[in-house]
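# sequence unknown, structure follows:
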């Protein structure tokens, strides 16, 4: 009797281990269906929910720096808000799968007509010139950029969750938002150049697609261009939810009213779209405040005042104030898009002399630059005028003139072409 009892117990433990192993490897819908088959499996899977989800996420996202901060993420279902989901829960897994599905849909190259983002990619000449395989590789890189943008969004939880533990109502919302912004900026500044380039172009593609969706409303809106800039910033703050809410509105959802001016017509019935539109309008207000700060600084400097106040805030035009006063409620931090642009390595500049002119090592080149003619003798003893030779060289240059590719775009193209060489 004891032997039979021990055997039953051992068999149950083995079955439990097998069940948990299956649970870690299967997708969420199948896992939940498995849990609903009987009371025992339901209790077992719910008891090990955290370990199952943590294992699934670790497998899906091997890089610990990109895993959900504190095990949680922000929800992005079609609603008017984004909730903090319980850490290492089925809800977190469901949200990650939702984001993955949306990203695959937005960058599906087989969709006819092309999705808004794929259409925007084809409008970039260097992207459109890629082979089919290379373009597919490029699309995969932008899917990765979407994941990065989602993680930047979720970094807000590193501030929000501890603040909630200290009663969020007792914490100044401005202090919370500023801490979130700095946390995101710190992460961005530590990214590799390729990731910075991808985030820059993801925002650019989103802006192009947004302008296309807005149509004539874009040109008739006095702040149309500013709203497009605000949307690009919102993509980095809200992740793929911003792209999905504006460019892929939910079918069949009806909400009365037109919504904010930044909302594309097709997305007016989307709860998520309206939420993102509200965020865009908020960023637009930040941009106006930022511009007012610039004008205020320029005015004070013109009047000879405020030199000391602005001394620690140099570089605002290049991307924001680096040493701003944490207690100053009027300081507007530079945007994440500016941070991404500024963090990308700057190209090496040519050496210049004290007067700012390029240093020319070849003396004959310097003579030509100063308009001094000199004569050369070819091997047959005939004089060749440098002026005539220069004219020939200029004609050849004009024939072979190629417009330079922006450094970030060039880096992306190099990675794509090295991964998938163009077949001859």
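Everything's here; your move. Being a predicted model, the structure only gives us computed values, none of them experimental.
# List the contacts of the host helix or strand of residue 418.
Assigned by DSSP states H and E, residue 418 belongs to helix 407-419. Residues outside helix 407-419 that contact it (C-beta atoms under 8 Å, 6 or more residues apart in numbering): 124, 126, 130, 134, 137-138, 141, 193-194, 196-198, 200-201, 344, 347, 405. Bear in mind the C-beta positions are built from the backbone N, C-alpha and C, glycine included.
# Could you do stretch 118-126 as well?
107-109, 111, 113-114, 127-128, 135, 138-139, 142, 205-206, 208-209, 212, 405, 409, 413.
# Buried by neighbour count: which residues of it qualify?
Going by neighbour count (16 or more other C-beta atoms under 10 Å), the buried part of stretch 118-126 is 118, 120, 121, 124.
# Among the contacts of helix 407-419, which lie within strands?
Nothing among the contacts of helix 407-419 maps onto strands, per DSSP state E.
# and these, which are buried?
By neighbour count, with 16+ other C-beta under 10 Å, those hold 124, 130, 134, 137-138, 141, 194, 196-198, 200-201, 344 as buried.
# Residue 208: neighbour count?
19 (other C-beta atoms under 10 Å).
# Just the element for the residue nearest to it when sequence neighbours are not counted, please.
Residue nearest to residue 208 in three dimensions, not counting chain neighbours: residue 120, with 4.1 Å by C-beta to C-beta, 6 or more residues apart in numbering. If you go by DSSP H and E, residue 120 is part of helix 116-122.
# hang on, the earlier thing: can I get the buried residues of stretch 118-126 in CSV with pLDDT and distance to residue 177?
Output for the buried residues of stretch 118-126, formatted as CSV (pLDDT from 0 to 100; distance: C-beta to C-beta, whole Å):
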residue, pLDDT, distance to residue 177
118, 97, 34
120, 96, 30
121, 97, 33
124, 95, 34
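# In CSV: the residues you listed, plus distance to residue 148.
Output for the buried residues of stretch 118-126, formatted as CSV (distance: C-beta to C-beta, whole Å):
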residue, distance to residue 148
118, 19
120, 18
121, 17
124, 20
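# Closest one to residue 97 out of the buried ones among the contacts of helix 407-419, please.
residue 141 (21.2 Å; C-beta to C-beta).
# From residue 336, how far off is that closest one?
Relative to residue 336, residue 141 is positioned 19 Å away (C-beta to C-beta, to the nearest Å).
# again with residue 87
Counting by C-beta to C-beta, the gap from residue 87 to residue 336 is 25 Å.
# again with residue 51
Remark: distance between residue 51 and residue 336 (C-beta to C-beta) = 34 Å.
# Of the contacts of stretch 118-126, keep whichever come out buried.
107, 127, 135, 138, 139, 142, 205, 206, 208, 209, 409, 413.
# what would these look like in TSV with distance to residue 267 and pLDDT?
Output for these, formatted as TSV (distance: C-beta to C-beta, whole Å; pLDDT from 0 to 100):
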residue	distance to residue 267	pLDDT
107	19	97
127	25	96
135	27	97
138	26	97
139	23	97
142	21	98
205	17	97
206	13	96
208	16	95
209	12	94
409	29	95
413	32	96
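# coming back round to it: okay, and which of the contacts of stretch 118-126 map to helices?
Using DSSP state H, 127-128, 135, 138-139, 142, 205-206, 208-209, 212, 409, 413 are the members of those that sit in helices.
# all strands in the stretch 151-300 of the chain, in order from the N-terminus.
Read by DSSP state E, counting those that start in this stretch, the stretch 151-300 of the chain holds no strands at all.
# quick one, helices of it?
Counting by DSSP state H, counting those that start in this stretch, the stretch 151-300 of the chain has helices at residues 157-165, 173-189, 193-214, 216-220, 224-238, 240-247, 271-302.
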